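> Return a 3D structure for these sequence lines:
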Amino acid sequence: MSIREDVAAALTQEGRDHLRLRIGLVCASIAAAIVTSAASGAARPTGVGVLFTLALLAALVPDGHIPTILIAGHLVFWFMTVPRPASAAAIAPAVVTAILLLAVHLLSAAATVWPPGGRIPRSAARRWLRQGGAVAVAAVAVGGLTALLVAAPLPAGTLPSLAAVASLGAGAIAAYRLIAR
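Take a look at the predicted model:
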């Protein structure tokens, strides 16, 4: 058998639902790389290419360490290329990227949890969407409050501001745990 036949046979055994999860993982990762590149203000084809390759590998092996390496790669790409936000509007790309990375995480976890070849139960998909949506709403809320902190002139300095954002994040996690029950 050739490599092409092996890949075709593996994709046939996966089933449509798993293929959708894997394609969604790659699309969310590419979108996050594009948002990061746009937020940096310059084209970054090398970084986007590396992240695209990692996304393809993560789609092929979602149950290994590659999805974690992919998300870490996105974080490194963000912190190396995007300047510190100077205005409230500059927080929006960070929130969008965070939600896209949440999607990468959820899609890779879902591709690992459900057995290949079978259908994903609608009730399970709704539960995952509800819980992922709660985390996305919390990310938007923390991003909005962070934008308010960036826009407001605070005499206290950076450390209290970071502590406030961290406490908001902890509150969002606590709210998620209440919702997820």
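> Going by C-alpha atoms from here, please, whenever you check contacts or count neighbours.
Will do.
> Please pull out the lowest mean pLDDT helix or strand from this structure.
Of all the helices and strands that make up the chain, helix 3-14 has the lowest average by mean pLDDT, DSSP states H and E, namely a mean of 65.
> Beyond it, next helix or strand please.
Next in sequence after helix 3-14, counting helices and strands by DSSP states H and E, comes helix 16-40.
> buried sites along that next one?
16-19, 21-37, 39-40 (16 or more other Cα atoms under 10 Å).
> The helix of greatest length in the chain - contacts with which helices or strands?
Looking across the chain with DSSP state H, the single longest helix is helix 122-151. Helix 122-151 is packed against helix 92-113, helix 158-180, with contacts defined by 3 or more Cα pairs under 8 Å, 6 or more residues apart in numbering; DSSP states H and E.
> Output the below-cut-off pLDDT ranges for the protein.
1-12, 152-158, 161, 180-181 (pLDDT under 70).
> list the contacts for the spatially most central residue of it?
Nearest to the centroid of the C-alpha atoms of the chain, with distances taken as Cα atoms, centre = their mean, sits residue 101, at 0.6 Å. Counting by Cα atoms under 8 Å, 6 or more residues apart in numbering, residue 101 makes contact with 28, 29, 32, 71.
> would a markdown table of the residues you listed with distance to residue 47 be doable?
What follows is those, written out as a markdown table (distance: Cα to Cα, whole Å):
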| residue | distance to residue 47 |
| --- | --- |
| 28 | 15 |
| 29 | 12 |
| 32 | 12 |
| 71 | 13 |
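> Burial check on residue 168, number of neighbours?
By other Cα atoms under 10 Å, 19 other residues sit near residue 168.
> hang on, isn't it packed against residue 142?
Yes. Using Cα atoms under 8 Å, residue 168 is in contact with residue 142, at 6.3 Å.
> what's next to stretch 42-58, contact-wise?
Contacts of stretch 42-58 (Cα under 8 Å, 6+ apart): 25-26, 29-30, 33-34, 37, 64, 66-67, 69-70, 73-74, 77, 108.
> Great, nothing more from me.
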